[in-house]
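Let's see this in three dimensions:
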Amino acid sequence: MENYDLAIYGHLTVDKIITGFKQTQTLGAMGNVWSTLSKLNSGINVKLRPTAIGEALIYIDEAAATRTGRANLNLSTSKTKPQNSKWHHAMYLNLLEDKKFINDCSGITSADVTAGKHDIEDYKNLDYLFISDEDLFMDVEELARYIKGTVILHYPSGSYASNGKDLKFHSSIDPINNVNVLGAGDIFAACFMAKKISEYPVSIEATLHYAHSKTKEILENGNK
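Prediction:
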């Protein structure tokens, strides 16, 4: 059985994107993470294991650096089991129909979440939980005390990492303007994981600074 550096599970979406009056189409969710790892030339051996296929309609306002969308994330679903990997990451864990596999993974486990229902029991064994400020559903410190590892809250002007105990770290950046911010959270998580996997051990402070810098670079280059 092949050994992987990173196994990615969960949602793969077909995104229909409207910018002004122009429409394009691309792959989102898992597609954003894979694309970012490719841009970073990370050399990370990745296993893609989509367990939910969906679609999204998204409007981009580049001037305001915002996006608005509607999605049906679970058009088609399947069950899975953990892959042979050092790191396991679940896309939009809170909306997956089959979540059991994440608690059976050996090695480092992480996940991101999106708007919708939450069962905090799904997060208790995670080493890293990525969540945006707009999707935060409870006090970040309370959430950090509940999971095994670290919550990473990200927002346009930076991020905040906490394990609910001795680690509490703010990272500040200049907000990005006049760009397409679609997939920014997925890009940020991908950059964070790439840094950790490639240069372990590395401090969370250095990892967050790297993730913000690379995310900004990718977005300003048009996310192409």
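
Surely residue 17 is in contact with residue 55?
No: counting by Cβ atoms under 8 Å, residue 17 sits too far from residue 55 to count as a contact (11.6 Å). For glycine as for every other residue, the C-beta is placed from the backbone atoms N, C-alpha and C.

ok, those two, which is more surrounded?
Between residue 17 and residue 55, residue 17 has the larger neighbour count (other Cβ atoms under 10 Å), namely 19 against 15.

what's the helix or strand for residue 115?
Residue 115 belongs to no helix or strand when assigned by DSSP states H and E.

With residue 2 instead?
Using DSSP H and E, residue 2 sits in no helix or strand.

Identify the spatial nearest neighbour of it, chain neighbours not counted.
Once flanking residues are discounted, residue 2 sits nearest to residue 84: 6.8 Å by Cβ to Cβ, 6 or more residues apart in numbering.

what's the one you found sitting at in phi/psi?
Per-residue torsions, residue 84: phi -80, psi 90 (degrees, to the nearest 10).

Please name the residues that touch residue 215.
With contact taken as Cβ atoms under 8 Å, 6 or more residues apart in numbering, residue 215 is in contact with 184, 187-188, 191.

chain center to whatever helix or strand it lives in: distance?
Residue 215 belongs to helix 204-220 when assigned by DSSP H and E. Chain-centre distance of helix 204-220: 13 Å, with Cα atoms, centre = their mean, to the nearest Å.

list the buried ones in that helix?
Applying a neighbour-count criterion of 16 or more other Cβ atoms under 10 Å, one finds 204, 207-208, 210-212, 214-216, 218-219 buried in helix 204-220.
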